[in-house]
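Student: model this:
(chains A, B and C)
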Amino acid sequence: MRLPAVRFGLRTRLVGAFLLVAAISAATTATLTYREARSAILKQAQDTAVDQFRDRIGAQAVTLPMDEEQLRRACRSLAREGKPHPWTVFAEYGTLRVSSSDRPTSDVVTPALRAAARGSAHGSFQRVVKDGVPWLTVGMPALVDRGDGGQPTGLVLYAVMRLSTEEANVEAMVTAARDGALPALLIALVPALLAARSVLRPVRDLRRAAAGIGRGELGTRIEVRGSDELAGLARTFNDSSTKLQESVAELRQAEARARRFASDVSHELRTPLAGMLAVTEVLDEDAAQLNPDTATAVRLISTETDKLAALVEDLMEISRFDAKAADLHLDEVDVAEAIRKTLEKRHWQDRIRRELPDGIRAMLDPRRFDVIVANLVGNALRHGAEPVTVRLRTERRGTTDRLVTEVLDSGPGIDPAVLPHVFDRFYKADAARTRSAGSGLGLAITLENVRLHGGTVHAADGPAGGALFTVELPLERPSEPPLEGPSEPPSEPSLEGP
Amino acid sequence: MPRVLLIEDDPSVREGVVLGLRRRGHELRAVESGEAGLAALGEFRPDLVLLDLMLPAMNGVQVCRRIRGTSQLPIIMLTARGDDFDVVVGLEAGADDYIVKPARTEVIEARIRAVLRRLAEPAGRGGTEIHGELAVDRAGLSVVKAGQSVPLAPSELRLLLHLSASPEQVFSRQQLLEYVWEHSYHGDARLVDACVRRLRQKIEDAAGSPRYIQTVRGFGYRFGPLG
Amino acid sequence: MRTGHILLALPLLALTATGCGILATDVVEVGDPAVVDVAPGREQSTLLYFVSSSSANRLMPVVRPNEVPWEGTPEGGSRLVRQDADKALVLLFEGPSKNEAATGLRTELPFVRAQVSIDLGPDGVLVRVNSPVTTLSEVARRQLICTAAQARTADRGEAVTVTGTDGVIGPAHCSV
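Tutor: This next block holds a predicted model:
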């Protein structure tokens, strides 16, 4: 069986359990007390009634046999003396049935009581509930003692009284118990909350610490208090996080070593490359005069040196990102102009469709933005198919403006299996094409540059097929209105040192 | 053909650059340390210095300062990308331009040409212009402030001439990179900023509140207004 | 779930606590019966046992005041007592009076003008009657024995032997 209680919080359940225990003990105590008190009340009433009845009867003088009139007198006399409750007295003698009331017999007195009263030499009583009304019935045989021990006279007297006072008392107790229970539970709520608080504090600490670990604050520890189960848990938690911290530190060191190695390798490669690159032109120019085999070999060396230089540059760039040594040199840039210049620099301007609205100015690192656009367009030209479109626009997202640059080619689009890896380093989309014109780092560097700007880049298939790369950068507009060309200075420029 | 002094400690780079530039007709002298480079200045009388930043003993920046102490010779630094701090320091020390290694000979030669052209190119309109206390002689390529000649490095002079040719017109850093340094549009704007700083130290009365070379925040620089 | 059971038990408990007021009981015996004074006293009265008409086997005592103070002298006390005792059995054989019959008393003894003598012997009370006794019913015999024992001794538990014209009953003890 699953109750909604499962969904309650730990605090609620603790408080609930506490209140439940409080309620059960209160109810049990109340019930037991109530039963005892009720017995005491009733016993008191019964004993008093029986004793009084016996005494009053003993004070009567009778003749034997008794006639009806005498019997009635006795009944009335007894009825008058009924204390603390008025009682009705019924008498049986032989065939005579007389009472202090109008009716000669009682319908409250049970046959069992009559049998007991007539058949034994003892007084008896019985509580009877008739129509919801509690009655006390007392049966008392009258004996005569003529010096040889008592013997029955044949006279049996019954007293019948309502237990109204007792009933009221008992009900008052029930009411008091019920009315006392609710405030008691409310009062119990205070220690319950305090107890829950003290129990939950370590749990809360633990949660906070676990959240801290989750956020990467591996130094988070819990203060171990006491020696209970929660303290054990806290100790285990601390041990685990210490281990975790050590493992992570080791991993980070290993990763840092690996990155430093890559960085060192590229640095070391660069000096010989600088020398080689300076002379590749010499090789190219003189190749024509060499024999064909040597010429081919020389041109190969020249070409590959260029590629190697580009690869080493990309590796250096990636190493700087990994070392977080990459700086952003923001400048106020006309974005459409910047993209046009990027395309011109690489002589792509005639191969690319441009949708570049004028007048969008943004704070960008011009060199890094050039790398972003060049890598995406270069990738589109290499892996997609022409025409390639570069599209620029601004969008408003909530309270911030975004600068959106899209590069769309007309190729077959991106293989879904490749899609998650397009920004990976050295990821080859096509296993057969092990060598491509790019270094294999172009898109990874693009991603890092976009991130450095606080933007996002993602790849998808365009609406009409073809690969679509979308770069979104936060757009920080200049505080002054954009300047239209170099001929119009602003009327009130702000002046300051650089 | 220009005479180029190359100060580079790495033999392979030194030999490669020498080989490449000589074939293009440059007259080259290569030395392997800053001290040797400074010693060669007087004797070789180069038109331009190619200066590696990472040198043993006296480093490139110190060499640059020493040269600027006596001469406004064009200086191009050779540097590795990522040595950003050294680049900034080198530019502050008075270098006119820099080249990131490894670089093809044609790139090196293009920069050399650009720097030298700044000096050789006639400024169009002749005569001396007066801007406040500044007297700019476009033909004589000299600047006099309050009667005192102001020695300017080639990049500084070229920048001042370009800005003062269109007073009160704002140029972006990218534009200045293209016009003055013949760099690509996406080049290193720190070249411009460092050059402006150096120029201000030489021609402004108080470098903190410039009068001639003014910054238009978010856009670039302009000359004046002197008002 | 355990919580569920407890939650279910709670209203049940509350019901038990609030739902009961005063409960009925069985018949409970409490101590002695009442003892009444019967007038006239032992010296001025004779005790007879008749049968209650409401319950067939029950003897009910009847106290008859002695009609006149018995004449006699202090020295003839023994005779006096004996005559008293005789008188009691005579009255018993005469049956309940009109008043007594009105309360439902009856006798199982035959109505006879009995010649009765009661003596106290070493074996108890000896009764002699001039009528048949062995044919008497059980209740009738008890009437006879109890009345005789009561009349002759202070102890109604004394053994009584009744000798009639047709035989002897007893010795037997009175049980009321």
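Student: ok, the closest residue to residue A:23 other than its chain neighbours - contacts?
Tutor: Here the nearest residue to residue A:23 in space, its sequence neighbours aside, is residue A:185; by Cβ to Cβ, 6 or more residues apart in numbering or on different chains that works out to 6.0 Å. C-beta here means a position set from N, CA and C on the backbone, and glycine is covered the same way. Residues counted as contacts of residue A:185 (Cβ atoms under 8 Å, 6 or more residues apart in numbering or on different chains) are A:19, A:22, A:23, A:26.
Student: could you measure residue A:185 against residue A:311, distance?
Tutor: To residue A:311, residue A:185 is 77 Å away according to Cβ to Cβ, to the nearest Å.
Student: Ok, residue B:4 next?
Tutor: For residue B:4, the distance to residue A:311 - Cβ to Cβ - is 29 Å.
Student: Who has more neighbours out of those two?
Tutor: Just comparing residue B:4 and residue A:311: by other Cβ atoms under 10 Å in any protein chain shown the higher neighbour count belongs to residue B:4, 26 against 18.
Student: three-state assignment of the more buried one?
Tutor: strand (DSSP: H, G, I helix; E, B strand; the rest coil).
Student: And for residue C:120?
Tutor: Judged by three-state DSSP, the three-state class of residue C:120 is strand.
Student: Next up, phi/psi of the residue nearest to the spatial centre of chain B, please.
Tutor: Residue closest to the mean C-alpha point of chain B, counted by Cα atoms, centre = their mean, is residue B:96 at 1.8 Å. According to degrees, to the nearest 10, the main-chain angles of residue B:96 amount to phi -90, psi -30.
Student: which residues touch it?
Tutor: Applying Cβ under 8 Å, 6+ apart, the residues near residue B:96 are B:74, B:75, B:76, B:115, B:153, B:154, B:155.
Student: Quick check: the two most widely separated of those residues?
Tutor: Taking Cβ to Cβ, the two most distant members of the contacts of residue B:96 are B:76 and B:153; they sit 11.6 Å apart.
Student: Those two: which is more packed in?
Tutor: For the pair residue B:76 and residue B:153, the greater number of neighbours falls to residue B:153 (24 against 20), based on other Cβ under 10 Å.
Student: tell me the secondary structure for the residue lying closest to the more buried one once chain neighbours are set aside?
Tutor: Spatial nearest neighbour of residue B:153, chain neighbours left out: residue B:72 (4.9 Å); criterion: Cβ to Cβ, 6+ apart. Following three-state DSSP, the label given to residue B:72 is coil.
Student: Leaving out sequence neighbours, find the closest residue to residue A:326.
Tutor: Nearest non-adjacent residue to residue A:326, counting by Cβ to Cβ, 6+ apart: residue A:320, 4.7 Å away.
Student: What is the neighbour count of the one you found?
Tutor: Other residues within reach of residue A:320, judged by other Cβ under 10 Å, total 17.
Student: what do you get for residue A:171?
Tutor: Using other Cβ under 10 Å, residue A:171 has 13 other residues around it.
Student: quick check, nearest of the contacts of residue A:185 to residue A:427?
Tutor: Taking the contacts of residue A:185 together and measuring to residue A:427 by Cβ to Cβ, the closest member is residue A:19, at 61.1 Å.
Student: Quickly note the distance from the closest one to chain C.
Tutor: Distance from residue A:19 to chain C, counting by Cβ to the nearest Cβ, to the nearest Å: 10 Å.
Student: Can you list the helices and strands that the strand or helix carrying that residue packs against?
Tutor: Assigned by DSSP states H and E, residue A:19 belongs to helix A:10-58. In this structure, helix A:10-58 packs against helix A:68-80, strand A:124-130, strand A:133-145, strand A:150-162, helix A:164-214, helix C:2-19, strand C:34-38, with contacts taken as 3 or more Cβ pairs under 8 Å, 6 or more residues apart in numbering or on different chains; DSSP states H and E.
Student: The longest one to strand A:133-145, inter-axis angle?
Tutor: Comparing the axes of helix A:164-214 and strand A:133-145 via axes from the mean of the first three to the mean of the last three Cα atoms, to 10 degrees yields an angle of 130 degrees.
Student: What is the distance between helix A:164-214 and the centre of its chain?
Tutor: In terms of Cα atoms, centre = their mean, to the nearest Å, the centre of helix A:164-214 is set 24 Å apart from its chain centre.
Student: Then the fourth one?
Tutor: Distance of strand A:150-162 from its chain centroid, counting by Cα atoms, centre = their mean, is 75 Å.
Student: buried stuff in it?
Tutor: A:150-162 (16 or more other Cβ atoms under 10 Å in any protein chain shown).
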